[in-house]
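In: prediction below, plus the sequence it came from.
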Amino acid sequence: MRDRITALLVLLPSLVAVGIFVYGFIGQNLWVSFTDWGKNPAQALALRPELQFVGLENYRELFTGFVETRFRQSVINLVFFTLFFMAGSLGLGLLLAVALDQGPRGEGFFRTVFLFPMALSFVVTGTIWRWLLQPQGGVNVLPTLLGLPPLAFPWLTTREQVLVFDWNRLPLYTAWVVGLVLLYVAWRAHREGEKRRRFWALLSGGVLLLWALTVGSRVHLLPYPEPHGFSLALVGVILAAVWQMSGYTMALYLAGLRGIPVEVLEAAKVDGASPWQTYRHVILPLLAPITLSAMIVLGHIALKIFDLIFAMAGLDYAPTDVPAIYMYLLAFRGNQFAKGAAIGILLLLLVAGVVIPYLASQLRKEVRR
Amino acid sequence: MGRIFLYAFLLLMTGFFLLPVYLVVLTALKEPAKITLDTVWRWPDPVYWESFRIAWEAFRPKFQNSLVLALSATLLSALVGALNGYVLAKWPFRGSDLLFAFMLFGMFIPYQSVLIPLFQFVKAIGLYGTLGGLVLVHVVYGIPIVTLIFKNYYSEIPDELVEAARMDGAGFFGVFRHVILPLSAPAFVVVAIWQFTQIWNEFLFAVTLTRPESQPITVALAQLAGGEAVKWNLPMAGAILAALPTLLVYIFLGRYFLRGLLAGSVKG
């Protein structure tokens, strides 16, 4: 009995610390995000600022206020960065793992080389690639080694955007995408014979698409069009991030490939499957759980990416902005703490949206086992 | 045919991963005036070591800060993790699983969502701008992952060992000291490598909570590289200095590094 009390007492400091630093601070941050802290410059740096409760005003301003175009561009940047960074790291990691799985000579050497960027900080990676991507830097000059003319692409400094769309269209596009996804879910449920899931997916998807077809195109977030798109200055940042993280996905995939029982591969061979067919129909499906957890980890990193962009492009360059950077800029350079806190909460919601379903499914799997 | 293609691909990829390193070393060894467009890729002649001396002089205080920070925070969080893991694996009580889940949640939050209250708090307790404040923060936010690693490791130790020791009259700390601790070396190595690497490479807390005199090397490097007037030989030499400790860990303890990586793969 005395030992049990000791055990609890040993755990207690950590529980209190986590309680304050995680839960307490999230609560406090939420409260700050509902105030006007920073609106009045005289109050911003006061030791005990007088905070007024303003409800969701900060959030409204971020998404539809006319001063916050930069925040909206940062959100679009985050979406594109996350997509391309995940696709790049997963694709390259898988290719490297498959190549190493063929048992080439010097496998250990290659593995070491592909994995070493993981040991670096994003600041070091950013510093290195910032130099490589200078207008007169290594990458643009690279073709001259082969006798070709140098490139002239202004990697980190271009203001060019592609895939541009009007922010006003965002609700409409969102409705389309979510609606179509729900229809797909309904179709899957139909094939799996899950009637309840089919019903709800069909209903909500149908409502969304109906809304998009009727009122959706008349909804305007802003009184004027506001174009946003994929900022090409991010290409270099994505390149650096993939360079750093694809070794990690390679390690995951390689462990997965090595874990596939030989009998399974033998069976595929006996059935007359070509190597390509074996990959397509046997190996890749077996790797799906790894892809999922890698996506969670990479998505998690992408959503809060900060140091890499800080080191590559700095804080002040809007074309490479992401919410984590903008949050820091607002709160710790501009003393607009309430708005910064609101962005912090939005990031938390995004991460929770990614991580909680994953954890729940992992937990369910463990319970089933 | 397939083999040739395989090796070609692997060599190409080796180039992708190593050419940046080659260029960094090259630039760090060049005289600033000789860093020009048409000789970017050419080996310096003569080799100019001065940049390393200057970078070392400029970065030495920050390097020391990083070293003190990473070592002390790693040591502390390994201790905390070992005790927590021991309690959760060998002294479970009603609701301890729930408390573990309560802790683990801290692993997944983006730190931006607590940064402002954290900043206020560290300021209020007088630790803003000190290494001590940063140590505290790293130890606290490290609790989930180190507890997880130790708990998983200690779960593998048979309960009979603990029971036998208790029969012999060992109490809570007696069991820990004589049974658990002697078996803990691999878990300590994994946690030490993971935490040391993470803390050495960390940037967000460091840039928010330090003053110039307590800056770790990552912050100093980011600020040096961000300056416009600096020649590239210095940031490159600085990047090598900043990367060296974790690279050495990776090279000499790679197996454990990978294990830590996979253990932490639920984290970011």
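Out: That came through, no problem.

In: quick check: the residue of the stretch 101-250 of chain B found nearest chain A vs B:Leu118, distance?
Out: Scanning the stretch 101-250 of chain B for the residue nearest chain A gives B:Asn201, at 3.2 Å (criterion: C-beta to the nearest C-beta). C-beta here means a position set from N, CA and C on the backbone, and glycine is covered the same way. Distance, B:Asn201 to B:Leu118, using C-beta to C-beta, to the nearest Å: 19 Å.

In: same question, A:Ala273
Out: Distance, A:Ala273 to B:Leu118, using C-beta to C-beta: 55 Å.

In: so these two - more neighbours on which side?
Out: When neighbours are counted by other C-beta atoms under 10 Å in any protein chain shown, A:Ala273 and B:Leu118 differ, and B:Leu118 comes out ahead with 23 against 16.

In: quick check: closest non-adjacent residue to that one.
Out: A:Phe25 (5.8 Å; C-beta to C-beta, 6 or more residues apart in numbering or on different chains).

In: chain center to the host helix or strand of B:Ser51, what's the gap?
Out: B:Ser51 is located in helix B:50-90, with elements delineated by DSSP states H and E. How far helix B:50-90 lies from its chain's middle: 8 Å, per C-alpha atoms, centre = their mean, to the nearest Å.

In: what's that helix packed up against?
Out: Packing contacts for helix B:50-90, counted by 3 or more C-beta pairs under 8 Å, 6 or more residues apart in numbering or on different chains; DSSP states H and E, involve helix A:2-18, helix B:2-28, helix B:96-104, helix B:131-155, helix B:185-201, helix B:217-226, helix B:233-252.

In: run the angle between it and helix B:2-28 for me.
Out: 120 degrees (axes from the mean of the first three to the mean of the last three C-alpha atoms, to 10 degrees).

In: got the angle for helix B:50-90 vs helix B:217-226?
Out: Using the same axes, to 10 degrees: helix B:50-90 against helix B:217-226 is 140 degrees.

In: check which helix or strand the residue of the stretch 151-300 of chain A found nearest chain B maps to.
Out: Here the stretch 151-300 of chain A gets closest to chain B at one residue, A:His300, 4.0 Å apart by C-beta to the nearest C-beta. Element membership of A:His300, judged by DSSP H and E, is helix A:284-303.

In: in that helix, which residues are buried?
Out: Buried residues in helix A:284-303, counted by 16 or more other C-beta atoms under 10 Å in any protein chain shown: A:287, A:290-291, A:294-303.

In: tell me the helix or strand right after it.
Out: By DSSP H and E, the next helix or strand past helix A:284-303 is helix A:307-313.

In: tell me which other helices or strands the helix or strand just after that next one touches.
Out: Per DSSP H and E, helix A:307-313 leads on to helix A:323-328 as the next helix or strand towards the C-terminus. Under the contact criterion of 3+ C-beta pairs under 8 Å, 6+ apart, helix A:323-328 touches helix A:69-101, helix A:337-368, helix B:204-209.

In: residues touching the residue in chain A positioned nearest to chain B, list them.
Out: As assessed by C-beta to the nearest C-beta, chain B sits closest to A:Ser121 within chain A, at 3.2 Å. Counting by C-beta atoms under 8 Å, 6 or more residues apart in numbering or on different chains, A:Ser121 touches A:Asp307, B:Trp200, B:Asn201, B:Glu202, B:Phe203, B:Thr218, B:Ala242, B:Ala243, B:Thr246.

In: let me see the contact set for the third one.
Out: For B:Asn201, the residues meeting the contact criterion (C-beta under 8 Å, 6+ apart) are A:Leu120, A:Ser121, A:Phe122, A:Val123, A:Val124, B:Thr218, B:Thr246.

In: between these, which is nearest A:Arg105?
Out: Closest approach to A:Arg105 among the contacts of B:Asn201 (C-beta to C-beta): A:Leu120, at 27.1 Å.

In: what's the neighbour count on A:Leu56?
Out: A:Leu56, neighbours per other C-beta under 10 Å, totals 11.
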